[in-house]
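Colleague: sequence isn't available, so here's the structure alone:
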């Protein structure tokens, strides 16, 4: 036992720490619960009565020596010099913080407006089958949208494709829920179109659906007018033009007064003073029947808008491609947005 204590004492005396890591390892080696010092105290129980005084004193002296060695390391800490030419009170360099993409900002704003009047959010898959994307929505087999030149097909027989609108999300929701239904479906959609200042093969949509008893076209018009005023300002006006969609009857295109030219006419609005923002209409009874909803009891309306088109109007952007080019000079203009 005496020889063991003597050997450990020599090791402690010869230890010369040079870093924080070394002193930490040293402390754990000797003073930890499973360390060398505790092992000596456990062995001390088996020492004879005649040797206990001498060995006990040796162990205590060793403990004091170890603690002194650790305390002495404070001198090494003092040798770590702080640069004298560094001002600790000086403000740090400003970091270049990122910001949300303008399309994300507009989508969030659209969701906020419709959520405030009771619409819930519903999402679905971007890879769809023909039934959910076309057939359930009353789209005829000979409709141009089913052609390869208009839709990105992944496979045929059965037809699997990249969804061309988020209406497929509404179909899935109607299959699993009964009225009253009030949802919006934001998401990415894909169409085989040439990329230009006004079109892209990938874009974003928000589609809305409201089904209940006694829903009328007047309800649809007031909802869209409320949306336009909330998003573009109280002075905004809308106009509805008759149109055709397979899944709504009657159908209409909705234009909002162009805030780029204040309704005076410009290249963006084709000198009409209005810019098309969405399509809408009363849900065709066939669509309700396809989804298991009683078309004799319930009526409803649907609408769909392109987020890019809304963003172009809101931020006065005249080229849709700017949203996808990742040009920092363009994106930095939205850094103040939340």
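Modeller: Happy to help now that I have it. In this text the structure is predicted, and so the values were computed from the model without any measurement. Numbers count the residues shown, from 1 in each chain.
Colleague: now the strands for this structure?
Modeller: In the chain, the segments counted as strands under DSSP state E are 120-121, 127-129, 153-155, 160-162, 181-190, 202-212, 238-245, 248-257, 274-283, 299-306.
Colleague: which strands and helices sit next to the shortest one?
Modeller: Spelled out, it's strand 120-121. strand 181-190 (3 or more Cβ pairs under 8 Å, 6 or more residues apart in numbering; DSSP states H and E). In this view, the C-beta of every residue, glycine as well, is placed from N, C-alpha and C.
Colleague: the inter-axis angle of the strand it packs on versus strand 202-212?
Modeller: Strand 181-190 runs at 160 degrees relative to strand 202-212, counting by axes from the mean of the first three to the mean of the last three Cα atoms, to 10 degrees.
Colleague: so how far is residue 334 from the most centrally placed residue in the chain?
Modeller: The chain has residue 104 as the residue nearest its centroid, 8.8 Å off, counting by Cα atoms, centre = their mean. Between residue 104 and residue 334 the computed distance is 10 Å (Cβ to Cβ, to the nearest Å).
Colleague: residue 190 too?
Modeller: 25 Å.
Colleague: then residue 237?
Modeller: Using Cβ to Cβ, residue 237 is found at 26 Å from residue 334.
Colleague: again with residue 300
Modeller: 35 Å.
Colleague: ok so, going back, got JSON lines for the strands of the chain, with distance to residue 317, mean pLDDT and mean neighbour count too?
Modeller: Shown next, in JSON lines, are the strands of the chain (distance: least, Cβ to Cβ, whole Å; pLDDT from 0 to 100; neighbours: other Cβ atoms under 10 Å):
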{"stretch": "strand 120-121", "distance to residue 317": "26", "mean pLDDT": "96", "mean neighbour count": "12"}
{"stretch": "strand 127-129", "distance to residue 317": "30", "mean pLDDT": "94", "mean neighbour count": "17"}
{"stretch": "strand 153-155", "distance to residue 317": "31", "mean pLDDT": "90", "mean neighbour count": "11"}
{"stretch": "strand 160-162", "distance to residue 317": "25", "mean pLDDT": "93", "mean neighbour count": "18"}
{"stretch": "strand 181-190", "distance to residue 317": "19", "mean pLDDT": "95", "mean neighbour count": "20"}
{"stretch": "strand 202-212", "distance to residue 317": "14", "mean pLDDT": "95", "mean neighbour count": "22"}
{"stretch": "strand 238-245", "distance to residue 317": "21", "mean pLDDT": "93", "mean neighbour count": "15"}
{"stretch": "strand 248-257", "distance to residue 317": "15", "mean pLDDT": "93", "mean neighbour count": "20"}
{"stretch": "strand 274-283", "distance to residue 317": "12", "mean pLDDT": "92", "mean neighbour count": "22"}
{"stretch": "strand 299-306", "distance to residue 317": "13", "mean pLDDT": "95", "mean neighbour count": "22"}
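Colleague: turn those into a markdown table, columns for distance to residue 65.
Modeller: Output for those, formatted as a markdown table (distance: least, Cβ to Cβ, whole Å):
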| stretch | distance to residue 65 |
| --- | --- |
| strand 120-121 | 69 |
| strand 127-129 | 72 |
| strand 153-155 | 76 |
| strand 160-162 | 75 |
| strand 181-190 | 70 |
| strand 202-212 | 72 |
| strand 238-245 | 88 |
| strand 248-257 | 85 |
| strand 274-283 | 83 |
| strand 299-306 | 79 |
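Colleague: closest to residue 31 out of these?
Modeller: Nearest of the strands of the chain to residue 31, taken as Cβ to Cβ: strand 120-121 at 58.6 Å.
Colleague: can you give me the offset of that closest one from its chain's centre?
Modeller: Centre-to-centre, strand 120-121 and its host chain are 16 Å apart (Cα atoms, centre = their mean, to the nearest Å).
Colleague: same thing with stretch 204-215?
Modeller: The chain centroid and the centroid of stretch 204-215 are separated by 24 Å under Cα atoms, centre = their mean.
Colleague: what does stretch 325-338 give?
Modeller: Relative to the centre of its chain, stretch 325-338 is centred 17 Å away, using Cα atoms, centre = their mean.
Colleague: in it, what counts as buried?
Modeller: Neighbour counts over stretch 325-338 (16 or more other Cβ atoms under 10 Å) mark 331, 334 as buried.
Colleague: outside of that stretch itself, list whatever touches it.
Modeller: For stretch 325-338, the external contacting residues (Cβ atoms under 8 Å, 6 or more residues apart in numbering) are 97, 98, 99, 100, 101, 102, 105, 315, 322.
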